[in-house]
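S.K.: structure for this input, please:
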Amino acid sequence: MDDSGDSGRPQPGAGGTDPDPGSAPDKGAPKRPAEPGGGILMGRPFGVPVYVAPSWFIVAALITWVFGGQLERVLPELGNTRYLVSLFFAIAFYASVLVHELAHTVAALRYKLPVRRIQLQFFGGVSEIEKESETPGREFVLAFVGPLLSLVLAGVFYAGMQFVDPPTVPGVLLAGLMISNLLVAAFNLLPGLPLDGGRMLRAVVWKITGKPMSGTIAAAWVGRGLAVAVLIGLPLLTHTGALGNATEEISGVETVTDALLAAILAGIIWTGAGNSLRMARLREHLPDLRARTLTRRAVPVESATPLSEALRRANEAGARALVVVDGQGNPKGVVREAAIVGVPEHRRPWVAVSGLAQDLTDGMRVPAELAGEALLDRLKATPATEYLVVEETGEIYGVLSTIDVERAFVAAMARPGA
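M.R.: As a prediction, this is how the structure comes out:
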């Protein structure tokens, strides 16, 4: 199963509390945390990290066991060696899935859309593309190239079958890979989010209506319908022998296994459709996230100012933040709210604000007019707990806290229709 597309908005900044509020100030620029992997890093084709999730080993073992049972019927002379052949098939199958995902990645990079990572997991893979396509045509192409490459691979494996004998290990492997790639392509072409076919449907509706949100709503609800159909239909198809299996050979264990598989697949599709819908509706509210409206008023204080005095000035001015400045009034750091909270009142007259401030870097200076996705991208590029918001002239406007941005996210999600 493929679930390429937006991965959602990561939390901006690096929230949390300071472990030792009374300690010396941080020196230098804050270090950006390592990109979350979610598995074992296998490489970086086209500069995009590819991870294998722990769940892959579960499905690889399952494929090895199931395919090994089929090999026992087709090639009984293999004996226990069949499990080595089956393991090779599992790896080759996921290599095909990786090619499918790389097709999405190359197309995204061609359209200058950043790809965070590729992850191979329990039911296939996912290409985490961080931005939306700008046009429905690009959205359609971006979604279609994955299934197209799976169909091409199926054709390649079919051509290879013409040069080997069917009742041999190469013949069985090529046939299995051909069929599996056909199934991957067919499944992903189903017209419902989060599948590629759902993104293609979204692009078509977007083109017709001129509204990307209308396309997302249509494709998401079709995706939910597909989830219900998989939950009910897959066990019925296997139990009635509609997929070519003899009904007398279907055991109770197989019936339970089919029902469990259907439930897992349906759950993944339903959840993916819902997440796509929620993220699209959240994007509608992104323009409302403006640095100027979320910024806290701040007062400038020199580095040697006692914390108690700085807080007194802030209270008099009705401000909620402190900016450390030099003798000429140039901002040098932002006092961390978490650090202030951690200093007991009786110590505040003896603690200078410089010991609670984070030195400013260029990335921590945010223009007051930034809004929406541009604002989030700016915060994500330089994670911090507070940012200095400045006017075009360089004048201090105030301090932006990631806590306030996160609250704005929650408020946007709670709005009607979100």
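
S.K.: ok, now how distant is residue 296 from residue 368?
M.R.: Noted for residue 296: a distance of 12 Å to residue 368, by Cβ to Cβ, to the nearest Å. Yep, even glycine has a C-beta here, placed from its N, CA and C like the rest.

S.K.: again but with residue 214, I slipped
M.R.: Taken as Cβ to Cβ, the span from residue 214 to residue 368 is 33 Å.

S.K.: in terms of neighbours, single out the busier of the two.
M.R.: residue 368 (19 against 15; other Cβ atoms under 10 Å).

S.K.: quick one: contacts for the more buried one?
M.R.: 291-292, 295, 389-392, 397 (Cβ atoms under 8 Å, 6 or more residues apart in numbering).

S.K.: most neighbours, which of those?
M.R.: In the contacts of residue 368, the most neighbours by other Cβ under 10 Å go to residue 389, 26 neighbours.

S.K.: stretch 81-88: which residues count as buried?
M.R.: 82-83, 85-87 (16 or more other Cβ atoms under 10 Å).

S.K.: now, those that are in helices?
M.R.: Members of the buried residues of stretch 81-88 lying in helices (criterion: DSSP state H): 82-83, 85-87.

S.K.: okay, helices next: where are they in the protein?
M.R.: Under DSSP H, the chain gives helices at 54-74, 82-110, 136-161, 169-188, 196-209, 212-239, 252-285, 291-294, 307-317, 337-341, 372-381, 402-414.

S.K.: for the fifth one, give me every contacting residue.
M.R.: Contact with helix 196-209 is made by 2, 4-5, 133, 136-137, 139-140, 142-144, 146-147, 188-193, 212, 214-216, 218-220, 222-223, 273, 276, as judged by Cβ under 8 Å, 6+ apart.

S.K.: any chance of a ChimeraX selection covering the buried ones in those residues?
M.R.: Selection of the buried residues among the contacts of helix 196-209 in ChimeraX, burial being defined by 16+ other Cβ under 10 Å:
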select :2,4,5,133,136,139,140,142,143,144,146,147,188,189,190,191,192,193,212,215,216,218,219,220,222,223,273,276
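
S.K.: circling back to that earlier point, in the contacts of residue 368, find the pair that's most separated.
M.R.: 295 and 392 (14.6 Å; Cβ to Cβ).

S.K.: for residue 320, give me its contacts.
M.R.: 296-298, 314, 399.

S.K.: one more time with 7 Å, if that's ok
M.R.: Counting by Cβ atoms under 7 Å, 6 or more residues apart in numbering, residue 320 makes contact with 296-297, 314.

S.K.: from the buried residues of stretch 81-88, pick the one nearest residue 76.
M.R.: For the buried residues of stretch 81-88, the residue nearest residue 76 by Cβ to Cβ is residue 82; the value is 8.7 Å.

S.K.: can you report how many residues lie near the residue nearest to residue 51 when sequence neighbours are not counted?
M.R.: Leaving aside its sequence neighbours, residue 51 sits nearest to residue 39 (Cβ to Cβ, 6 or more residues apart in numbering; 3.9 Å). When neighbours are counted by other Cβ under 10 Å, residue 39 registers 19.

S.K.: returning to what we had before: let me know the closest of the buried residues of stretch 81-88 to residue 47.
M.R.: For those, the closest approach to residue 47 (Cβ to Cβ) belongs to residue 87, at 29.9 Å.

S.K.: from residue 60, how far off is that closest one?
M.R.: Applying Cβ to Cβ to residue 87 and residue 60 gives a distance of 7 Å.

S.K.: swap in residue 51?
M.R.: Distance of residue 51 to residue 60, given as Cβ to Cβ: 15 Å.

S.K.: what of residue 333?
M.R.: Residue 333 is 51 Å from residue 60, by Cβ to Cβ.

S.K.: nearest residue to residue 94 other than its sequence neighbours?
M.R.: Going by Cβ to Cβ, 6+ apart, residue 94 has residue 120 as its nearest residue, at 5.6 Å.

S.K.: now do the contacts for the one you found.
M.R.: Per Cβ under 7 Å, 6+ apart, neighbours of residue 120: 52-53, 56, 94, 97-98.

S.K.: measure it to residue 127 for me?
M.R.: Distance check for residue 120 against residue 127: by Cβ to Cβ, it reads 11 Å.

S.K.: hmm, back to that, any chance of the contacts of residue 368 in a markdown table, plus pLDDT and distance to residue 197?
M.R.: Listed next are the contacts of residue 368 as a markdown table, based on pLDDT from 0 to 100; distance: Cβ to Cβ, whole Å:
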| residue | pLDDT | distance to residue 197 |
| --- | --- | --- |
| 291 | 91 | 39 |
| 292 | 92 | 41 |
| 295 | 94 | 43 |
| 389 | 95 | 44 |
| 390 | 93 | 46 |
| 391 | 92 | 48 |
| 392 | 88 | 46 |
| 397 | 94 | 47 |
